[in-house]
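S.K.: sequence and predicted structure, then a few things I'm wondering about:
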Amino acid sequence: MNGAQALVASLTGAGVDVCFMNPGTSEMHFVAALDSVPDMRGVLALFEGVATGAADGYARIAGKPAAVLLHLGPGLANGLANLHNARRARTPMVVIVGAHATAHVRYDAPLQSDIEALARTVSGWVHTSGTTRDLAHDAMRAVAAAQAGQIATLILPADVSWSDGGTLAPPRTPTPAPTAALANTSAPTPAPAPTPAPAFTVDYSRLLNSEAMLFLGGTALSERGLRAASRISVATGARLLAETFPARLERGAGVPGVDRLAYLAEMAQAQLAGVEHLILAGARSPVSFFAYPDQASDLAPPGCTVTVLAEPDQDVVAALETLANQVAAGIKPVLTEAAPPPPAEPGPLSAISLANTVAVSLPEHAIISDEANTTGFALPMALAAAPRHTLLTLTGGSIGQGLPVATGAAIAAPDRPVLSLEADGSALYTIQALWTQARERLNVTTVLINNAAYAVLRMELARTRAGQTGAGRPGERAERMLDLSAPTPDFTQLSTGLGVPASRVTTVAELDQALRQAYAEPGPHLIEAIVPPVVPPASAGAW
């Protein structure tokens with residue numbers, strides 16, 4: 001058994017049985033091992049950013065790590081943007097990066113680079129495997145590290161992969177996360193249990209009132225977390241708010257509803273106005289995405305106290321349930337009743353009619369990968385009472401996540417329909433994901449919203465007060481950098497060329513028909529929706 005065979009077999013033995021990849025010469029023995037270890041499913045991507053984003057989407061839905069195979073430092077560099085998003089989502093992921101054979105390093109070949117330095121920008125655990133004998137054991141350390149909710153990067157020299165002497169390694173027990181930040185600090189940390197009851201160091205019954213807000217993130221946005229938070233809110237009057245871009249949010253009929261913090265700082269400040277006690281449950285204290293002239297970066301209201309109920313890496317659900325049992329015993333959560341919006345008015349598509357049409361046609365238990373960006377500002381309201389669904393969002397803000405995340409989610413849950421809501425500018429970063437969807441015959445319906453503009457950057461140009469002329473508009477040369485026309489990309493042709501059937505729609509009726517047809521047919525579909533560019537209104541909420 002060579003090192004690669006031992007590595008792949010040990011990964012599958014630990015439950016890591018899907019590997020998204022864009023391999024090169026240094027990784028050929030890993031690729032060859034797929035034939036001797038058929039339990040590992042290899043999924044080929046045409047670009048490393050698709051592989052890393054797909055692994056992110058897979059792990060968010062499957063609840064276990066995926067593996068990614070990349071080629072040397074440049075291959076890792078190509079995948080870094082979506083690894084950044086995965087790090088922000090606390091996604092468990094094992095990244096295997098091929099490296100030059102040990103004896104070849106001293107020659108400083110053209111592709112030689114500092115892989116460890118690149119990996120540390122996004123990884124919580126990094127190791128270069130030194131011997132074939134230890135390779136599988138190193139991989140099990142990587143899996144255990146990933147299971148703690150982080151990216152674990154294992155660097156694999158080619159000779160360690162191809163040499164004989166590999167041995168299987170058993171899985172390691174991951175280090176358990178602390179059960180709650182509220183545990184009495186003088187007592188030992190209790191072991192995880194289905195119904196933990198830690199002693200609180202803060203008297204939350206004094207903080208929880210109509211001037212308090214529970215700010216939810218991470219696993220707090222699971223069904224159990226939302227139910228506990230809703231009970232607390234009903235009993236105490238405390239408001240609920242979710243982080244802007246959650247990794248995974250359960251929404252729709254049958255689960256408690258929660259609004260998301262707005263992306264725009266001034267809108268977020270309006271949501272937080274009047275809050276005297278901000279209690280963090282799996283989320284960080286809210287800050288503005290960017291700095292703006294004469295705008296505060298810290299979004300917590302002046303004089304507001306900020307208290308941590310549970311950190312993102314702790315058992316947030318247990319903390320919420322314990323708190324709910326203390327302050328809301330016998331109280332039931334408020335569940336969203338099914339009430340999809342009425343069918344949109346007939347006529348040309350707009351951002352609002354697009355959102356309503358998506359909500360009306362949404363199948364039960366769909367997974368939505370939302371990277372609609374500016375044109376998606378109406379989606380949260382439209383989908384609030386739609387059929388039950390799981391929402392995956394752009395956690396780290398690095399665009400190009402939506403199509404790959406939808407791809408990985410479809411592999412993790414082949415029995416669930418996946419809807420990818422994708423902005424045109426973002427789609428061009430990782431459009432190659434469509435090829436993987438076609439090759440793997442995934443049930444992904446992509447609504448590609450084409451407004452022929454980088455609308456979000458047009459808005460940000462104005463908000464940062466950059467480059468304005470005397471007429472209050474950016475100059476002609478600046479505007480040209482924010483425009484996707486002349487020529488406008490033809491996404492139906494791009495999609496068809498990558499193997500995904502596509503259609504173009506301009507009206508509400510056409511979109512509704514195209515969506516229902518795509519859901520009814522197996523395999524991937526792309527619907528190019530022509531929608532005028534918009535700037536979200538002040539009442540839009542998170543988008």
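M.R.: Perfect, thanks for sending it.
S.K.: surely Ala291 meets Ala265?
M.R.: No. The criterion here is C-beta atoms under 8 Å, and Ala291 misses it with Ala265 at 9.3 Å. From N, CA and C alone the C-beta is placed, and that goes for glycine too.
S.K.: so those two - more neighbours on which side?
M.R.: Set Ala291 next to Ala265 and count neighbours by other C-beta atoms under 10 Å: Ala265 wins out with 20 against 11.
S.K.: distance of that one from Ala86?
M.R.: According to C-beta to C-beta, to the nearest Å, Ala265 and Ala86 sit 25 Å apart.
S.K.: ok, now His277?
M.R.: As for His277, its distance to Ala86 is 32 Å (criterion: C-beta to C-beta).
S.K.: who's more crowded, the two?
M.R.: Ala86 (31 against 18).
S.K.: now that one: which helix or strand?
M.R.: With secondary structure defined by DSSP states H and E, Ala86 is part of helix 72-88.
S.K.: and if you look at Ile367?
M.R.: strand 366-371.
S.K.: show me what that strand is packed up against.
M.R.: Applying 3 or more C-beta pairs under 8 Å, 6 or more residues apart in numbering; DSSP states H and E, one finds that strand 366-371 contacts strand 389-392, helix 402-412, strand 418-423.
S.K.: relative to Ala14, which of these is closest?
M.R.: Among those, the nearest to Ala14 by C-beta to C-beta is helix 402-412 (16.8 Å).
S.K.: got the angle for that closest one vs strand 366-371?
M.R.: 160 degrees (axes from the mean of the first three to the mean of the last three C-alpha atoms, to 10 degrees).
S.K.: so which elements touch helix 402-412?
M.R.: Using 3+ C-beta pairs under 8 Å, 6+ apart: helix 402-412 touches strand 18-21, helix 48-62, strand 366-371, strand 389-392, strand 418-423, helix 424-427, helix 433-440, strand 444-450.
S.K.: burial count for Leu309?
M.R.: Leu309 has 27 nearby residues by other C-beta under 10 Å.
S.K.: looking at it, it is touching Ala319, isn't it?
M.R.: Yes. Assessed by C-beta under 8 Å, Leu309 is found in contact with Ala319 at 5.4 Å.
S.K.: the stretch 1-150 of the chain: helices as residue ranges?
M.R.: Using DSSP state H, counting those that start in this stretch, the helices of the stretch 1-150 of the chain run over 3-13, 28-36, 48-62, 72-88, 115-120, 132-146.
S.K.: check which helices and strands the longest one sits against.
M.R.: When contacts are defined as 3+ C-beta pairs under 8 Å, 6+ apart, helix 72-88 sits against helix 48-62, strand 66-71, strand 93-99, helix 115-120, strand 151-157.
S.K.: tell me which of those sits nearest to Leu442.
M.R.: Closest to Leu442 of the helices and strands packed on helix 72-88, according to C-beta to C-beta: helix 48-62, at 10.0 Å.
S.K.: quick one: low-confidence residue ranges for the stretch 401-543 of the chain.
M.R.: Along the stretch 401-543 of the chain, the parts satisfying pLDDT under 70 run over 453-459, 461-463, 465, 467-474, 534-543.
S.K.: the nearest residue to Gly15 once chain neighbours are set aside and Ala6, how far apart?
M.R.: Spatial nearest neighbour of Gly15, excluding adjacent residues (C-beta to C-beta, 6 or more residues apart in numbering): Lys64 at 5.7 Å. Per C-beta to C-beta, Lys64 is found 21 Å from Ala6.
S.K.: need the winner for burial among the helices and strands packed on helix 402-412.
M.R.: Among these, helix 48-62 has the highest mean neighbour count (mean count of other C-beta atoms under 10 Å), at a mean of 30.
S.K.: angle of that helix against strand 366-371?
M.R.: 140 degrees.
S.K.: how much does helix 48-62 deviate in direction from strand 151-157?
M.R.: Using the same axes, to 10 degrees: helix 48-62 against strand 151-157 is 130 degrees.
S.K.: hey, C-alpha coordinates of helix 48-62 in PDB?
M.R.: Taking Å, rounded to 0.1, in the frame of the first residue of the first chain, the C-alpha atoms of helix 48-62 are listed here in PDB:
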ATOM      1  CA  GLU A  48     -10.000  25.500  -7.500                       C
ATOM      2  CA  GLY A  49     -12.500  28.100  -6.200                       C
ATOM      3  CA  VAL A  50     -15.300  25.800  -7.300                       C
ATOM      4  CA  ALA A  51     -13.700  22.900  -5.400                       C
ATOM      5  CA  THR A  52     -13.300  24.800  -2.200                       C
ATOM      6  CA  GLY A  53     -16.700  26.400  -2.400                       C
ATOM      7  CA  ALA A  54     -18.400  23.100  -3.200                       C
ATOM      8  CA  ALA A  55     -16.700  21.500  -0.200                       C
ATOM      9  CA  ASP A  56     -18.100  24.300   1.900                       C
ATOM     10  CA  GLY A  57     -21.600  23.800   0.700                       C
ATOM     11  CA  TYR A  58     -21.300  20.000   1.200                       C
ATOM     12  CA  ALA A  59     -20.200  20.300   4.800                       C
ATOM     13  CA  ARG A  60     -22.800  22.900   5.700                       C
ATOM     14  CA  ILE A  61     -25.600  20.500   4.700                       C
ATOM     15  CA  ALA A  62     -24.000  17.100   5.500                       C
END
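S.K.: packing partners of it?
M.R.: Applying 3+ C-beta pairs under 8 Å, 6+ apart, we find helix 48-62 packed against strand 18-21, strand 66-71, helix 72-88, strand 93-99, strand 389-392, helix 402-412, helix 433-440.
S.K.: contacting residues around the last one?
M.R.: Read that as helix 433-440. 43-46, 50, 53-54, 403-404, 406-407, 410-411, 442, 444, 446, 494-495, 498-500, 523-524, 526 (C-beta atoms under 8 Å, 6 or more residues apart in numbering).
S.K.: buried ones among those residues?
M.R.: Neighbour-count burial (16 or more other C-beta atoms under 10 Å) applied to those gives 43-46, 50, 53-54, 403-404, 406-407, 410-411, 442, 444, 446, 494-495, 498, 500, 523-524, 526.
S.K.: let me see the mean pLDDT of stretch 374-389.
M.R.: Stretch 374-389 carries an average pLDDT of 93.
S.K.: same question for stretch 151-167.
M.R.: pLDDT averaged over stretch 151-167 gives 98.
S.K.: kindly report the same for stretch 289-307.
M.R.: pLDDT averaged over stretch 289-307 gives 90.
S.K.: list the buried residues of that stretch.
M.R.: For stretch 289-307, by 16+ other C-beta under 10 Å, it's Tyr292, Leu299, Ala300, Cys304.
S.K.: which residues outside that stretch are in contact with it?
M.R.: Contacts of stretch 289-307 (C-beta under 8 Å, 6+ apart): 202, 204, 207, 244, 261, 263, 265-266, 268-269, 272-280, 285-288, 397, 460, 463-465.
S.K.: rewinding a little: now render the helices and strands packed on strand 366-371 as a markdown table, adding distance to Glu27.
M.R.: Below are the helices and strands packed on strand 366-371 laid out as a markdown table (distance: least, C-beta to C-beta, whole Å):
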| stretch | distance to Glu27 |
| --- | --- |
| strand 389-392 | 28 |
| helix 402-412 | 19 |
| strand 418-423 | 28 |
